[in-house]
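Enquirer: sequence and predicted structure below; questions after.
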Amino acid sequence: MMKTIGLIGGMSWESSIEYYRIINQETRRRLGGLHSAKSMMLSVDFAEIEALQDQDRWDEAGTLLKTAGRNLEAGGADFLVLCTNTMHKVAADIQASIHIPLLHIADATAKKIRQEGLRRIALLGTRFTMEEDFYKGRLTRTYGLDVLIPEPDEIATVNSIIYDELCVGKIIEDSKAAYVQIMENLVKKGAQGIILGCTEIGLLVGPADSTVPLFDTTDIHARAAVAFALED
């Protein structure tokens, strides 16, 4: 029997749409016919979350997401999908506040990378995701990956394009060119693949823009959610 997927969305809604689309397309691909996913989404106001991120008030942001998680559980969700990479900084707090599993985005991504036989991987995302330990540390300690990140000025570029453009639906060719150059620089440093570690990055660049495999966390996480929902 198909489990009900609980999605904490809105961070940003531009990528939450992609989660909903991929989850339902993958469900139809697997089951055929008129099948679609059993799911429910609670979408937060990203402006509130972003302000708390910027002010380093992660506990308060976590409280908002814990409330969302508990509400989804009360509504009948069998497990949770947090539709953002950055806010996995508080994933453990969310998991501790509920009685259903939370499907961690870094776990799904790392397992896919390991399946491809890669070990040295580059990471793009918000500055929090690229610089802090909550994401990179999970990749290295749990999965043995060697994680590269861009240079400081490149981190600033990647981060600003996410918040100032992608999260508000702006797709700009010059920004795409900047990302492609940064990815090329990471490949020159030995990256065997690149994690698109922000759920909006896949809106800007795709496989045709890279000489190494790209691991789009939105796509990977959404498909992992379907696989989990259909497990016995």
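Expert: In hand now; what should we look at?
Enquirer: got the residue ranges for the helices in the protein?
Expert: 13-31, 46-54, 58-75, 91-96, 105-115, 127-131, 133-143, 152-164, 173-188, 217-230 (DSSP state H).
Enquirer: how about those helices in JSON lines, adding distance to residue 39?
Expert: In short, each C-beta sits where N, CA and C put it, glycine included. Output for the helices of the chain, formatted as JSON lines (distance: least, CB to CB, whole Å):
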{"stretch": "helix 13-31", "distance to residue 39": "6"}
{"stretch": "helix 46-54", "distance to residue 39": "20"}
{"stretch": "helix 58-75", "distance to residue 39": "10"}
{"stretch": "helix 91-96", "distance to residue 39": "18"}
{"stretch": "helix 105-115", "distance to residue 39": "16"}
{"stretch": "helix 127-131", "distance to residue 39": "25"}
{"stretch": "helix 133-143", "distance to residue 39": "25"}
{"stretch": "helix 152-164", "distance to residue 39": "25"}
{"stretch": "helix 173-188", "distance to residue 39": "30"}
{"stretch": "helix 217-230", "distance to residue 39": "8"}
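Enquirer: which one in the chain is furthest away from the centre?
Expert: residue 33 (28.8 Å; CA atoms, centre = their mean).
Enquirer: that one and residue 27: what is the separation?
Expert: Residue 33 is 11 Å from residue 27, where distance means CB to CB, to the nearest Å.
Enquirer: just to revisit the earlier point, okay, the residue farthest from the centre of the chain: pLDDT?
Expert: The per-residue pLDDT reported for residue 33 equals 96.
Enquirer: could you do the one 4 residues further on as well?
Expert: Residue 37 carries a pLDDT value of 98.
Enquirer: relative to residue 38, which of the helices of the chain is closest?
Expert: Nearest to residue 38 among these is helix 217-230 (7.2 Å), distances taken as CB to CB.
Enquirer: and the closest one, which residues are buried?
Expert: Of the residues in helix 217-230, 217, 218, 219, 220, 221, 222, 223, 224, 225, 226, 228, 229 count as buried by neighbour count, 16 or more other CB atoms under 10 Å.
Enquirer: next: stretch 175-195.
Expert: Buried residues in stretch 175-195 (16+ other CB under 10 Å): 175, 178, 179, 182, 183, 186, 187, 191, 192, 193, 194, 195.
Enquirer: ok, and the closest non-adjacent residue to the second one?
Expert: In this case it means residue 178. Spatial nearest neighbour of residue 178, chain neighbours left out: residue 157 (5.6 Å); criterion: CB to CB, 6 or more residues apart in numbering.
Enquirer: go on, the first one?
Expert: With sequence-adjacent residues excluded and distances taken as CB to CB, 6+ apart, residue 175 is closest to residue 161, at 4.7 Å.
Enquirer: that neighbour: how many residues sit nearby?
Expert: Residue 161 has 23 neighbours, counted by other CB atoms under 10 Å.
Enquirer: for the spatially most central residue of the chain, which residues are in contact?
Expert: Geometric centre of the chain, nearest residue: residue 85, 3.8 Å, by CA atoms, centre = their mean. Counting by CB atoms under 8 Å, 6 or more residues apart in numbering, residue 85 touches 105, 106, 125, 126, 129, 135, 197, 198, 199, 217.
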